[in-house]
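A.B. asks: Kindly generate the corresponding structure for this input.
(one chain, ligands or ions: 1)
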Amino acid sequence: MKKTIVLGAGGFIGSHLVKRLKLDGNYVVAVDLKLPEFTISPADEFIQGDLRDFQFTDSVITENCDELYQLAADMGGAGYVFTGGHDADIMHNSALINLNVAKISTQKNVKSIFYSSSACMYPEYNQMDPNNPKCSEDSAYPADPDSEYGWEKLFSERLFLAFKKNYSLNVKIARFHNVYGEEGAWDGGKEKAPAALCRKVAATKNGEIEIWGDGIQTRSFLYIDDCIDGIIKLTRSNETGPFNIGSEELISINDFAFLIAEIAKKEVKIKHIDGPTGVRGRCSDNTIIAKAIGWEPKIDLKTGVSKLYAWIENELKNTN
Ligand code: NAD
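C.D. replies: Okay, the predicted model is just below:
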């Protein structure tokens, strides 16, 4: 039985990771400011506290840890990250967490540590063409992320890699591209495009839904189970990364809304409104991770979004 620690275990990806690690028979210590919102955590221990606090972080990262997963961050969808209104908090809170975690994991001889970076660290100049974005791992520099959230991710990638170089910290880094699935935020400002669009389609009475920007911007979306497979596979590999963990199925936001409408068996009319949209195009390039550790997504967008839509429709019913 491996002793694992999941930081950010009350969040979307962290709560799914805890479930998988428990199903696989590991001992799991879960840490977060808050309990998971939509599920009861099966973790062996759930410790609530603030990872910006060095003493607290020092108390939860113990000596005999086989695998530590660092997913805690101040984070949200475009409405949270791309408006600029939360930049200082995002950078300060997430950087403090990562500074504490890198240092203490080194001092406590954590055997393997996973860090969740983001595709938001890729330079904006390679993501201007919606139909031809470039996000291969080697395109990260010269750096020019379009958000402070992306700059913090880039800083923390370099922080963990510096601890590897100077202190042999066995770090593994993934750059996630838009992960979606059940039991994530779907309302209230921190939700991301897949959940927000499902909610809008499920809630519409007259068929009209609002989309931020012209909807021509493209993205790829990765189903949560594939993401968890990638995290665990990378953490148990001999590789370091940073590697993309994402889907290569590129779709415009307009077409994504129509796909959800098709799943919902509804006719929708899109109303484009002003709002934060991020880069014009973004898509994972899995060439390197597929070769290095043999990971690729198994669940296509329509299958994954059908599961998300059913869950959100039900949440909406329960709320009403
Ligand atoms: P999330 O917001 O659902 O989870 C993050 C968790 O971190 C939250 O539960 C939050 O309470 C916790 N946290 C924040 N500050 C804390 C603190 N000071 N002390 C303790 N806990 C704290 O986000 P998620 O979607 O599960 O993302 C997990 C990680 O993956 C994050 O680092 C995020 O930046 C990264 N990521 C996610 C996506 C995505 O599409 N979901 C894409 C790229 C990168």
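A.B. asks: neighbouring contacts of stretch 237-245?
C.D. replies: Taking contacts as Cβ atoms under 8 Å, 6 or more residues apart in numbering, the residues outside stretch 237-245 that touch it are 117, 119, 135-137, 140, 157, 161, 164, 171-177, 222, 227, 230-231, 234, 284-286, 288-289, 292-293, 295. Every residue, glycine included, has its C-beta placed from N, CA and C.
A.B. asks: Extract the C-alpha trace of stretch 145-156 and format it as CSV.
C.D. replies: Provided in CSV are the C-alpha atoms of stretch 145-156 (Å, rounded to 0.1, in the frame of the first residue of the first chain):
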residue,chain,number,x,y,z
PRO,A,145,1.4,33.8,-21.3
ASP,A,146,-1.8,35.9,-21.7
SER,A,147,-2.7,35.8,-18.0
GLU,A,148,-1.0,36.2,-14.7
TYR,A,149,-2.3,32.8,-13.8
GLY,A,150,-0.2,31.4,-16.7
TRP,A,151,2.9,33.3,-15.5
GLU,A,152,2.5,31.9,-12.0
LYS,A,153,2.3,28.4,-13.5
LEU,A,154,5.5,29.0,-15.5
PHE,A,155,7.3,30.3,-12.4
SER,A,156,6.2,27.3,-10.3
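A.B. asks: from the chain's centre, how far out does that stretch sit?
C.D. replies: A distance of 14 Å separates the C-alpha centroid of stretch 145-156 from that of its chain, computed with Cα atoms, centre = their mean, to the nearest Å.
A.B. asks: quick one: the worst-scoring helix or strand of the chain on mean pLDDT to chain centroid distance?
C.D. replies: Scoring the helices and strands of the chain by mean pLDDT, DSSP states H and E places helix 78-81 at the bottom, with a mean of 86. The gap between where helix 78-81 is centred and where its chain is centred comes out at 13 Å by Cα atoms, centre = their mean.
A.B. asks: Give me the contacts around it.
C.D. replies: Applying Cβ under 8 Å, 6+ apart, the contact partners of helix 78-81 are 75, 86, 90, 120, 147, 149, 189-193, 212, 275-278.
A.B. asks: Give me the subset of those that also touch the ligand.
C.D. replies: Intersecting the contacts of helix 78-81 with the surroundings of the ligand, defined as Cβ under 6 Å from any ligand atom, gives Met75, Lys192.
A.B. asks: how about the host helix or strand of Ile104: buried residues?
C.D. replies: Per DSSP states H and E, Ile104 falls inside helix 87-107. The neighbour-count criterion (16 or more other Cβ atoms under 10 Å) identifies 87, 90-91, 93-106 as the buried residues of helix 87-107.
A.B. asks: pLDDT averaged over it, what's the number?
C.D. replies: The predicted model assigns helix 87-107 a mean pLDDT of 98.
A.B. asks: can you offset everything so residue one is 66?
C.D. replies: Noted, 66 is the first residue going forward, which turns the last one into helix 152-172.
A.B. asks: Next secondary structure after it?
C.D. replies: With secondary structure assigned by DSSP H and E, helix 152-172 is succeeded by strand 177-183.
A.B. asks: now the angle from the helix or strand just after that next one to strand 177-183?
C.D. replies: Moving toward the C-terminus from strand 177-183, the first helix or strand encountered (DSSP H and E) is helix 213-232. Angle of helix 213-232 versus strand 177-183, following axes from the mean of the first three to the mean of the last three Cα atoms, to 10 degrees, is 150 degrees.
A.B. asks: can you pull the buried residues of helix 213-232?
C.D. replies: Applying a neighbour-count criterion of 16+ other Cβ under 10 Å, the buried positions in helix 213-232 are 213-222, 224-226, 228-229.
A.B. asks: just stretch 311-331 next, same as before
C.D. replies: For stretch 311-331, the neighbour count (16+ other Cβ under 10 Å) marks 311-319, 321-326, 328-329 as buried.
A.B. asks: related to what we said a few turns ago, with respect to the ligand, which of the contacts of helix 143-146 is nearest?
C.D. replies: Met140 (4.2 Å; Cβ to the nearest ligand atom).
A.B. asks: The one residue in the stretch 66-215 of the chain that gets nearest to the ligand: how many residues sit nearby?
C.D. replies: When scored by Cβ to the nearest ligand atom, the stretch 66-215 of the chain has Gly76 as its residue closest to the ligand, at 2.0 Å. Applying other Cβ atoms under 10 Å, we find 24 residues neighbouring Gly76.
A.B. asks: wait, it sits on Val96?
C.D. replies: No. Proximity of Gly76 to Val96 does not meet the contact threshold set by Cβ atoms under 8 Å, at 10.9 Å.
A.B. asks: Please enumerate the shared neighbours of these two.
C.D. replies: Residues touching both Gly76 and Val96 (Cβ under 8 Å, 6+ apart) are Ala137.
A.B. asks: what about Lys173, neighbour count?
C.D. replies: Residues lying near Lys173 (other Cβ under 10 Å) number 15.
A.B. asks: Right, I'll leave it there.
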